[in-house]
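S.K.: requesting a structural model of the entry that follows:
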Amino acid sequence: IGWLTVPPQKQYLWRRVYLFYLCDFLPRLSCLRSQVNLCNKKFSVNGEEGPKYGFDGSKYHYGDGTSVASQNSSQILTGYDTLDVGPNYDFYANTNAQGRVRRSRPSLFQLHSNIEVSSTHLASRAPGDSSEDDVEEPQSEPTRFGWVKGVMIRCMLNIWGVILYLRLPWITAQAGIGLTWVIILLSSCITGITGLSTSAIATNGRVKGGGTYFLISRSLGPELGGSIGLIFAFANAVAVAMHTVGFAETVQALMQESGASIVDPINDIRIIGVITVTCLLAISLAGMEWEAKAQVLFFIVILVSFANYIVGTIIPATPQKQAKGFFSYQADIFAENFVPNWRGPEGNFFGMFSIFFPSATGILAGANISGDLKDPTVAIPRGTLMAIFWTTLSYLIIAATIGACLVRDASGIMNDTLAMSSADSCQGLACQYGWDFTDCITNRTCTYGLSNQYQSMSLVSGFAPLITAGIFGATLSSALACLVSAPKVFQCLCKDNLYPVIGFFGKGNGKNDEPIRGYVLAYIIAVCFVLIAELNTIAPIISNFFLCSYALINFSCFHASITNSPGWRPSFRFYSKWMSLLGAVVSVIIMFLLTWWAALIAIGIVIFLLGYVLYKRPSVNWGSSVQAGSYNMALSYCVSLNQVDDHIKNYRPQCLVLTGPPSCRPALVDFVGTFTKNLSLMICGNVVTGGPSPATLDTASSNSHVTWLNKRQIKSFYHGVVANDLRTGVKMLLQGAGLGRIRPNVLLTGFKRDWRKDKPSCIDNYIGILHDAFDLQYGVCVLRMREGLDVFRQAQTHGEEPNNQEDFMFFYNIPLFIIVSFYLDPDAMVTEPQPQPSTVFQSQQGKKTIDVYWLFDDGGEIVVLNFIVPFHKSNRFYIIVRLIMWGQCSVETLSSTSFSDSVRRFEDLIGPYRINTAQKDGHVTAEQLNQDCPWMVSDEEIETNKPKTLRQIRLNEVLQDYSRDAAIIIVTMPVGRRGQCPSALYMAWLETLSRDLRPPVLLVRGNQENVLTFYCQ
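M.R.: Model (predicted):
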C-alpha cells in the first residue's frame, strides 16, 4: 500500500523482500498449514467429501483422459491442499538437475477442469508415469571452478602474455611512456566496456558452454552468433601460435647466448614452437583439472617474476648493466622516454597499438569455459573485471618503471665510458652518467636499450632467470588458455548445426565433455601459424578478429537494452547501453585504423557466414534481441498506419484464405501466394470444430502449419480457431483476423464440389459463409479446379478409411478442412512432416492467356487481380491478359438446342431442392418451411430469378467456347439476394457458371467500394 511513499533508492530492497515473501515464505506457510490442518484428509474439488484425490499418491484424472502422474505433476501435489504450487526454479529450467526428474507445474486445463480419481494407487501406475521415487542415478560431478581459479586467474594469465615481457618495453621506446599509457588505457577501455557488456549478458540468464559464441548467439541470434563463433575460435587458435612463437623466441635467444643452435634462428623458432604446441596439446587432453593446476603454477611463477622485476629496478645498477643502458630510476631518463621516438616501418601509433592490443584480448578466457564454472553468472563478471583492473595496473607500472631507468640505445661494451676529450661530442642521455654510446647511436648498431633489445625486462630484474621463467609462464599459460578456449567455443558452435561438415568436431568425451577432435583441429591451425615464426606478423592478424568479436559483444548488449525486451533482465547493473554502443563503434574504427585490408577481410567473412545462415535458416529459436527488435519495429509500423487514412492508390487485396490445414489444400495456397507474395497480406484460416480442450487447441495452433508454409516459401500467416461449427468459426476469422489496418478485405475459399451429395444444411452453411463475408464488407473469391483442391491420398495415408464415404466427402470438400481429426491421427498430422505436392500454379504454363470477364461493376476488384496475377514477378505464367466486358442481352434470343439442354441440366440440379406438391398441400406454411429448410426452392423463386439463371447458363457456354485453352478464367461472381435466393439455387448458379471447364476458374465479387482510381490525387 505504501509503495509509492518508498524512496526510489530503497525500492530495490523492498522488491527483494517481497520476492522472498512470495518465493520462500508463502510456500513454507502453505505447506505447514496443510500439514497441521489437513493431515491425511482427502480433499474434493467440487466441495464434496470423498476420495476425489488425496495425499496418499492416488492418480488424478481429468476430462481429457490425462492424469497428473502422466503430466509429471504428481510429485508437485504432495503436501498441499491445492493443485496450485509456489514458484519453483525447476519450473523455469530448460535442463534437468543431476540425479532427479525435472518437475513441472500443472497446466491451466488441469487447474480448472473436473478431477476424477482412479482406484489404482501410485504404486500400480501405468508405465511411463513419473514420481519422486523415479530418481535417476546421479552421475559423477564434473570439475567446476569458482571465479578466482576459473575466471580471474585464467584471464590474467591470458592477458599477461608474450607482449608483456617481449614487446611492452620496445613499445615504450617507440611510443614513449605517455603514448604507451594511452595505448594501454585505450585497449583497457575497449576491453573494460566489453567486460561490462559481457557481464550484463552473462547475468541475464543461465550461461552454458560456448563462451563468447554462446553469449552473442543467444543475444543476437544464430546469424551473427555463428559467424563470430567461427572467427573467435579461429582467432584463439592463431593466438596459440602467437604465444608459442614468443616462448620459442625466448628459448632461441637463450640458446644463442650460450652458442647453441639447431639449424638457424628462424627454423629453431619453428622447431621449438611445434614441440611446445604438442606438449600443450598433451596437457589439454589430460583434462580440465590438470590444465587448471598448470595454470595456477604458471600464475605463481609470473607473480614471482613481477616481484623480481620491481626489486631489480630499485637495486643500484652495476657497471655491466650501465653499459647496457640501465641506470636505475632517473628523472631525466623518465622525461626523455616520456615522448615518442618512432623508428622503422612500424613506427607509428596504430602500428604499436596493433602489436600491443592482442595482449589485452584475454578477457574472455574465463567466459570461454563457461560450461566448466560453478556459477557463471557470478564468476564471469567478478573475475573478468578484476582481471582487467589488475592487468591494466600492472601494464601501466611496468611501462612507467622500465621507461624511467633504461635508455633507448646502449652498446653493452664496458669500454664505452665517457672520456674527457669526447665530452663535448657525446650524444645521448647516457653521457650524463659517464657513458658514451655515440658510435652505435650514429651508426645505428646499438644492440641494447629499450629500442633494440626485446629482453629488456631480464636486464632490469634482480635475477634474470626468474624473468625468463615468467616469460615461459606467461607465454605457455596464454597459449594453453587459448588452446582450451578455441575448441570449447567451436564445440558449442558445432552442436548447434549452423554450418555443414563441422558437426564432426562437436563430439565430446569424458565427464567434462572434452572436445578431443576440436583440440586436434586447433593444434593443426596453431602449427600452421607457428611456421611463420614472426611475432610482429602474427599479432596484427588476430587483432582484427578479436576487435570484431568485441564489437559484436558490445552491440549485443546495446541491442538487447534498446529493444526493451522483458527478457532482458541482467542482474549486473553497472553497464550502460550507450557505452556499449561506443565500445562497438570504437572497435570497428580501430579495426580500419590498424589494418584496413585485414578489417575488410574480417568483415567480409562475417557477412559471408551471415548470408549463409540467413539462406539456410536453421531451425533454432533462442529468443534473441533481433526478434525483440523486429517485434518493436512491426508494432511501431502497425500503429503508425492508424494515423493515416487508407487511399485507393494504396489498395491491395489482403486475403483471408479458408485452407484448413494448408498442407491439405496446396493448390489454393499456391494460387493466392502468386499474387500476395511480397505485395499484400495472406492469412490461411483453419477452423477446428469441438469444445476448447488441449487437444483441439494444439490442433488449431500447431506450428507444423507455419513450418509447412515456410518450407513451401509461401509468405503467409496462419490463424486457427476452435468453434462449435464451421460457420461460427469463419465468422470469428472474418471479424478477428488481422491487426489494425493490416487486416483482410477479401475472403478466398474453394468451391464445394460435392454439394449435391452433401446434406442440405451444409449447403446452407456454405452459402451462409459467403453472405456473412458480404455483410462484413469483404470481397469474395471462389476458386474451382477440375481436379479439385484437396489432397485426398496424402490425407488418407495418415489414418483409417472412413466408414461412410459420403460423410468423408463432405468433410473433405467443405471450404475448410476441419473434421480431419475424426478420421485421421491428429498427432500424425501435427508432428509428422507434411508432403510438398506440386500444383499447376508452380509449373510453367507455356504461352497462354488469362481471360478476365468483368461482367458487373463491383468497384474494380477483378481488374486489380487482373493486374497483379500475371505481372507479379513471382508468377510462373507466360501469358497474355484478355479483358472481356459483358454487355446486356435478351434471354429470349437464347433458344438454341444446346442452350435447351443446358436448361434441362440446370433443372436437374435444382430438382431435389424444389418444394413439391405434397409439401404445398400440407399444413406447413411457406414462412415456416422457409425458416426450417432455407435451402428449399419454390416455383415463385425460380420464376423471379429466371433471368439470372439463364445468364449463368449462357455465360458457361461462352466460357467453353472462348476460354477453353486459357491458363485461368477470372469471372465476376453473381450475387444472390438474401431471402429471395435460396442457398440451393445460389449453389446451382455457381455450379452452372463454372462447370465442365478445363482451366481453373476464379469467381470474384468485390464489396462495391472503389479500388481503382484514374487520378493522381
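S.K.: residue 1013: neighbour count?
M.R.: Other residues within reach of residue 1013, judged by other CB atoms under 10 Å, total 12. C-beta: built from backbone N, CA, C; applies to glycine.
S.K.: I'd say residue 273 and residue 533 touch.
M.R.: Yes - under the criterion of CB atoms under 8 Å, residue 273 makes contact with residue 533 at 7.0 Å.
S.K.: those two: which is more packed in?
M.R.: residue 273 (29 against 22).
S.K.: using the three-state scheme, assign that one.
M.R.: At residue 273 the chain is in helix, as set by DSSP: H, G, I helix; E, B strand; the rest coil.
S.K.: got a list of what the residue minimising distance to the centre of the chain touches?
M.R.: The centre of the chain sits closest to residue 221, judged by CA atoms, centre = their mean, with a distance of 3.5 Å. Contacts for residue 221 (CB atoms under 8 Å, 6 or more residues apart in numbering) come out as 622, 624, 625, 626, 627.
S.K.: buried sites along the helix or strand containing residue 959?
M.R.: Here residue 959 sits within helix 946-962, counting by DSSP states H and E. Neighbour-count burial for helix 946-962, counted by 16 or more other CB atoms under 10 Å, picks out 948, 949, 950, 951, 952, 953, 954, 955, 956, 959.
S.K.: can you read off the pLDDT for the nearest residue to residue 996 once chain neighbours are set aside?
M.R.: In space, and not counting its chain neighbours, residue 996 is closest to residue 960: 6.5 Å by CB to CB, 6 or more residues apart in numbering. For residue 960, the pLDDT comes out at 89.
S.K.: do the same with the one 4 residues further on
M.R.: In this model, residue 964 is scored at 86, pLDDT.
S.K.: so it sits in a strand?
M.R.: No - using three-state DSSP, the assignment for residue 964 is coil, not a strand.
S.K.: residues contacting it?
M.R.: 997, 998, 999.
S.K.: repeat that with 7 Å
M.R.: residue 998 (CB atoms under 7 Å, 6 or more residues apart in numbering).
S.K.: my guess is residue 966 contacts residue 998, does it?
M.R.: No - counting by CB atoms under 7 Å, residue 966 stays clear of residue 998, with 8.7 Å between them.
S.K.: more crowded one of the two?
M.R.: Using other CB under 10 Å as the criterion, residue 966 and residue 998 rank with residue 966 on top: 23 against 13.
S.K.: that one: what's its closest spatial neighbour, skipping adjacent residues?
M.R.: Nearest residue to residue 966 in three dimensions, chain neighbours excluded: residue 851, at 4.5 Å (CB to CB, 6+ apart).
S.K.: cool, residue 331 as well?
M.R.: In space, residue 331 is closest to residue 404, 7.8 Å off (CB to CB, 6+ apart).
S.K.: okay, now that neighbour: neighbour count?
M.R.: Here the number of neighbours of residue 404 (other CB under 10 Å) works out to 21.
S.K.: quick one: contacts for it?
M.R.: By CB under 7 Å, 6+ apart, the contact list for residue 404 reads 329, 330, 333, 334.
S.K.: got it, and residue 731?
M.R.: residue 772.
S.K.: still on that earlier bit, how about the residue nearest to residue 966, secondary structure?
M.R.: Going by three-state DSSP: residue 851 is strand.
S.K.: show me what it is bridged to.
M.R.: Going by DSSP bridges, residue 851 is paired in beta bridges with residue 882, residue 969.
S.K.: hang on, it packs against residue 967?
M.R.: No - using CB under 7 Å, residue 851 is not in contact with residue 967, being 8.6 Å away.
S.K.: can you list contacts of the helix holding residue 959?
M.R.: 891, 894, 898-899, 902-903, 906, 969, 974, 989, 992-993, 995-997.
S.K.: mind listing which of the residues you listed are in helices?
M.R.: Members of the contacts of helix 946-962 lying in helices (criterion: DSSP state H): 898, 899, 902, 903, 906, 989, 992, 993.
S.K.: farthest pair within these?
M.R.: Greatest spatial distance among those (CB to CB): 898 and 989, at 18.9 Å.
S.K.: what about these two, which has more around it?
M.R.: More crowded of residue 898 and residue 989, by other CB under 10 Å: residue 989, with 25 against 11.
S.K.: so who does the more buried one touch?
M.R.: Per CB under 7 Å, 6+ apart, neighbours of residue 989: 948, 949, 952, 974.
S.K.: burial count for the closest residue to residue 906 other than its chain neighbours?
M.R.: Leaving aside its sequence neighbours, residue 906 sits nearest to residue 992 (CB to CB, 6+ apart; 5.5 Å). Residues lying near residue 992 (other CB under 10 Å) number 23.
S.K.: same question, residue 669
M.R.: 23.
S.K.: does it fall in a helix, a strand, or a coil region?
M.R.: Following three-state DSSP, residue 669 is assigned to helix.
S.K.: next one: it from residue 444, what distance?
M.R.: 78 Å (CB to CB, to the nearest Å).
S.K.: now the strands for the stretch 101-250 of the chain?
M.R.: 115-117 (DSSP state E, counting those that start in this stretch).
S.K.: wait, residue 507 sits on residue 517?
M.R.: Yes - if you go by CB under 7 Å, residue 507 and residue 517 touch, sitting 6.1 Å apart.
S.K.: returning to what we had before: any chance of the contacts of residue 404 in JSON lines, with distance to residue 705 and pLDDT too?
M.R.: Output for the contacts of residue 404, formatted as JSON lines (distance: CB to CB, whole Å; pLDDT from 0 to 100):
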{"residue": "329", "distance to residue 705": "77", "pLDDT": "89"}
{"residue": "330", "distance to residue 705": "80", "pLDDT": "88"}
{"residue": "333", "distance to residue 705": "77", "pLDDT": "89"}
{"residue": "334", "distance to residue 705": "74", "pLDDT": "91"}
